[in-house]
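>>> Next input, structure requested:
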Amino acid sequence: MHTKEATQYFILLILTDGVITDMADTRDAIVHASHLPMSVIIVGVGNADFSDMQMLDGDDGILRSPKGEPVLRDIVQFVPFRNFKHASPAALAKSVLAEVPNQVVDYYNGKGIPPKCLSDYESSRTLAP
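The predicted structure follows:
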């Protein structure tokens, strides 16, 4: 971030079979994490009530911390695994990763960090003998 060059972006994958017991802390953590180079993917396994997870996803509105602070950008993707029990692994992967490209672009655009051209990467690579 300090060099205005994109170097690392992180994806946190959470597999859960239950509901959130500390929703206020979770919302607060996501709002703070929305300023970081990261995305959060939550896969709900089982038949629990995942309505809180849907709220974290932000597709139905802007997620806010308990103090009312909005997320800087949507970083959460929630996918209920039960919707893909009879689907192909590719369909599950497509849904799980659906929002990540835009989340990455939103982060770097927000920081004013332009993408590198492919030629920039090729000229900086060191080839092994």
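
>>> residues in contact with the spatially most central residue of the chain?
By C-alpha atoms, centre = their mean, the mean C-alpha position of the chain lies nearest to Ser39, the distance being 2.3 Å. Contacts of Ser39 were listed using C-beta atoms under 8 Å, 6 or more residues apart in numbering, and they are Tyr9, Phe10, Ile11, Leu12, Ile75, Val76, Gln77, Glu99, Val100, Gln103, Val104. Any C-beta I mention is one placed from the backbone N, CA and C, and that applies to glycine too.

>>> The fourth one belongs to a helix?
No - looking at Leu12 with DSSP: H, G, I helix; E, B strand; the rest coil, it is strand, so not inside a helix.

>>> I'd assumed Tyr9 was in contact with Val104.
Yes - using C-beta atoms under 8 Å, Val104 is in contact with Tyr9, at 5.5 Å.

>>> circling back: beta partners of the residue nearest to the centre of the chain?
Beta bridges link Ser39 to Ile11, judged by DSSP bridges.

>>> what about Val104 and Tyr9, which has more around it?
Taking other C-beta atoms under 10 Å, Val104 and Tyr9 do not tie; Val104 has more neighbours (17 against 14).

>>> Assumed the more buried one was part of a helix.
Yes - looking at Val104 with three-state DSSP, it is inside a helix.

>>> for it, what are its contacts?
Contacts of Val104 (C-beta under 8 Å, 6+ apart): Tyr9, Ser39.

>>> just the strands in this protein please.
For the chain, applying DSSP state E gives strands covering 10-16, 38-44, 76-80.

>>> give me the low-pLDDT residue ranges for this structure?
Applying pLDDT under 70 to the chain flags residues 1-6, 118-129.

>>> one more time with 80, if that's ok
Applying pLDDT under 80 to the chain flags residues 1-7, 18-19, 58-61, 115-129.

>>> all helices of it, in order?
Secondary structure of the chain (DSSP state H): helices at 23-33, 51-57, 89-97, 100-110, 118-124.
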